[in-house]
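Q: how would this look folded up:
(2 chains)
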Amino acid sequence: MTLWTIYYRLRDARQGIARNALASAATVFLLMLTLVMFGGFLWVNANITQVADLLQRQVQIRIFPQDAVPARDLVAPLRALPEVADVELLSGSGVVDKLSAVFGQDIVRQALPPDAFADSLSVRLARPEQAGRLIGQLRAIPGVGDVIWGQGFADSLLQIAVGLQRTGTALVIVFFTAALLMSLTTMHLAILTREVEIQIQRWVGVGPWGIRTQFIVEAMLLGLFASVLASAVLLYVGEAIQQRMVALIPFAAKELRSPTLVIGLVLMAGPLLGLLGGGLASQRAIGVSDR
Amino acid sequence: MDIVIDQVSKSYQRGEFVALHDVSLSIASNEWVFLVGASGMGKSTLLKLIYKEELPDRGRVLVDGTDIGHVPGSALRRSIGIIFQNFRLLETKSAFENIAYAAEVIGTAPRDVRRRTLEILDLVGLTDKARRLPSELSGGEQQRVAIGRALINEPKLIVADEPTGDLDPDNTQRVLDILKRVHREKRTTIVFATHAVDVVDRLGQRVVRLEGGRVVRDSVGGYWEASQPA
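A: Now for the predicted structure:
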């Protein structure tokens, strides 16, 4: 294929789109909707996963020893567990000291008995998402009394993320299939209306792949238009939503990802859908055999 | 470009309709051959086998000594110009664009496309109507555009299937004049299927008569000679 062939193919594709203006516009619109869904889903999912990760990283496990068991005796067995990254001993008197520094020693002494706070241990895990599985193991260590962990919220958020992933994936598959069918049908109609062009190309010695290229290029151009439009929508709407989210959860502002990250994927997805639609339609109508 | 049809048979509808039966024929380079016979006698099928639109059930077709069964159809057709009775022009393109299109789709550079299209328009006598759409041309002019399209890639062989079937005597003569000129100047082989007696008689070339899918007469002269029993 020469450079001139590519030039002619692009020119013919442009003319083909103009001739089939309504069907082309409908295809671009549906492809754009699909790509907005796809990009939006990727972006929201990435952000939820980020926030869930952030919360999970902040989860700490607090262990209180049984009565008459000194907290420091539990440090060694806890550190021996491979999942444990760090163990910190928190003495009850240390807590009183911290409160005294804030409220004044006299007030604290009057308000609280000397043994108001028991000694405890703070455990940080190498992989925080394993906390749920590890709790039982920690409770089984001799001398361990209570084990308290704040995993609930992070778990709920992760469950929401998984739910969104599943729903979003299903929706994206449905929209992708619809968009693919639309692209395929548009190209099939284009092929039918250009039967004479195809015949002429065959007569002068253009092979099936050469003939198919025209329709594949046309479908990819439609996909590219849709991608550009979808990217513009995602940029405009996405940035606005992100600003709202930053206002809503300022502690996670640094963790939020910009919608621009998914634009690259969206820009590739449109032409890819076109390639599939144009390729399948032209294979069905023109074939691949150069007999 | 020389052609050898070697014991070729072709049938349709799972053998119910035999279009060609054990046909053998040799056409030399730069030869002009008329294929004559009534409709349905196998003329178009024989032409389709030459430009590989159809494949034979049995036998071989050799072009320049090569069995075309082993050659991609597209590669073969780059050396062939094909003309039909119904002109099959692109209705949205002008006469110029219709002719140029055949050169563009095989990747010819725009400058060459323009030069060759203008030459062809001059050859077929349509320079003054280059910008007209097919709907603005007469039947004869449309056929000349179709001939121009077949000639622009400088084929070594022209396959013409009833190209004058829909034309009046004047336009028939103009079409024949164009093909005669190309045959003489470019030494192009021409295989011309027709049932027009006057066309065959006017040129006095080799005539192959087909009947019931068989070659029943192969002679030089006019239609009358070809109609006589062998």
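Q: up against chain B, what does chain A have?
A: Chain A comes close to chain B at residues A:1-2, A:4-5, A:8, A:19, A:196-197, A:199-208, A:210, A:290-291, as judged by C-beta under 8 Å from any C-beta of the partner chain. The way it works is simple: take the backbone N, C-alpha and C, and place the C-beta from them, glycine included.
Q: got a PyMOL select line for the buried ones in those?
A: Only the buried entries of the residues of chain A next to chain B go into this PyMOL selection, using 16 or more other C-beta atoms under 10 Å in any protein chain shown:
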select buried, chain A and resi 4+5+8+197+200+201+202+203+204+205+206+207+208+210+290
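Q: show me the residues of chain A next to chain B that map onto helices.
A: Using DSSP state H, A:4-5, A:8, A:19, A:196-197, A:199-203, A:208, A:210 are the members of these that sit in helices.
Q: which parts of chain B sit against chain A?
A: B:51-52, B:55, B:72-80, B:82, B:88-90, B:92, B:101-102, B:104-110, B:149-150, B:153.
Q: reformat the ones in helices among the residues of chain A next to chain B as JSON lines; add distance to A:Gly274.
A: Shown next, in JSON lines, are these (distance: C-beta to C-beta, whole Å):
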{"residue": "A:Trp4", "distance to A:Gly274": "23"}
{"residue": "A:Thr5", "distance to A:Gly274": "19"}
{"residue": "A:Tyr8", "distance to A:Gly274": "19"}
{"residue": "A:Arg19", "distance to A:Gly274": "17"}
{"residue": "A:Val196", "distance to A:Gly274": "24"}
{"residue": "A:Glu197", "distance to A:Gly274": "19"}
{"residue": "A:Gln199", "distance to A:Gly274": "24"}
{"residue": "A:Ile200", "distance to A:Gly274": "24"}
{"residue": "A:Gln201", "distance to A:Gly274": "21"}
{"residue": "A:Arg202", "distance to A:Gly274": "24"}
{"residue": "A:Trp203", "distance to A:Gly274": "28"}
{"residue": "A:Pro208", "distance to A:Gly274": "19"}
{"residue": "A:Gly210", "distance to A:Gly274": "18"}
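Q: span of stretch B:122-140 from start to end?
A: 15 Å (C-alpha to C-alpha, to the nearest Å).
Q: now swap in stretch A:248-257 and tell me
A: Using C-alpha to C-alpha, the two ends of stretch A:248-257 sit 15 Å apart.
Q: list the buried residues in it.
A: Using 16+ other C-beta under 10 Å as the test for burial, stretch A:248-257 gives A:252, A:255-256.
Q: tell me the one of those nearest A:Leu33?
A: Nearest to A:Leu33, judged by C-beta to C-beta, of those is A:Leu256 at 24.8 Å.
Q: residues contacting the closest one?
A: With contact taken as C-beta atoms under 8 Å, 6 or more residues apart in numbering or on different chains, A:Leu256 is in contact with A:47, A:50-51, A:242, A:245-246.
Q: so how do I select the buried members of those in PyMOL?
A: Buried subset of the contacts of A:Leu256, written as a PyMOL selection, criterion 16+ other C-beta under 10 Å:
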select buried, chain A and resi 47+50+51+242+245
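Q: just give me the closest of the contacts of A:Leu256 to B:Pro134.
A: A:Gln242 (56.9 Å).
Q: other SSEs contacting the helix or strand containing that closest one?
A: Under the criterion of DSSP states H and E, A:Gln242 resides in helix A:208-248. Here helix A:208-248 touches helix A:3-19, helix A:21-57, helix A:151-193, helix A:195-203, helix A:260-286, going by 3 or more C-beta pairs under 8 Å, 6 or more residues apart in numbering or on different chains; DSSP states H and E.
Q: average pLDDT across that helix?
A: Helix A:208-248 comes out with an average pLDDT of 89.
Q: got it, and stretch B:81-95?
A: On average, the pLDDT along stretch B:81-95 is 93.
Q: how far does it sit from the chain's center?
A: 13 Å (C-alpha atoms, centre = their mean, to the nearest Å).
Q: hmm, B:Tyr101 is touching A:Val196, no?
A: No. Look at B:Tyr101 against A:Val196 with C-beta atoms under 8 Å: they stay out of range, at 10.4 Å.
Q: can you list residues touching both of the two?
A: By C-beta under 8 Å, 6+ apart, the residues touching both B:Tyr101 and A:Val196 are B:Leu90.
Q: which helix or strand contains B:Asp112?
A: Secondary structure (DSSP H and E) places B:Asp112 in helix B:110-123.
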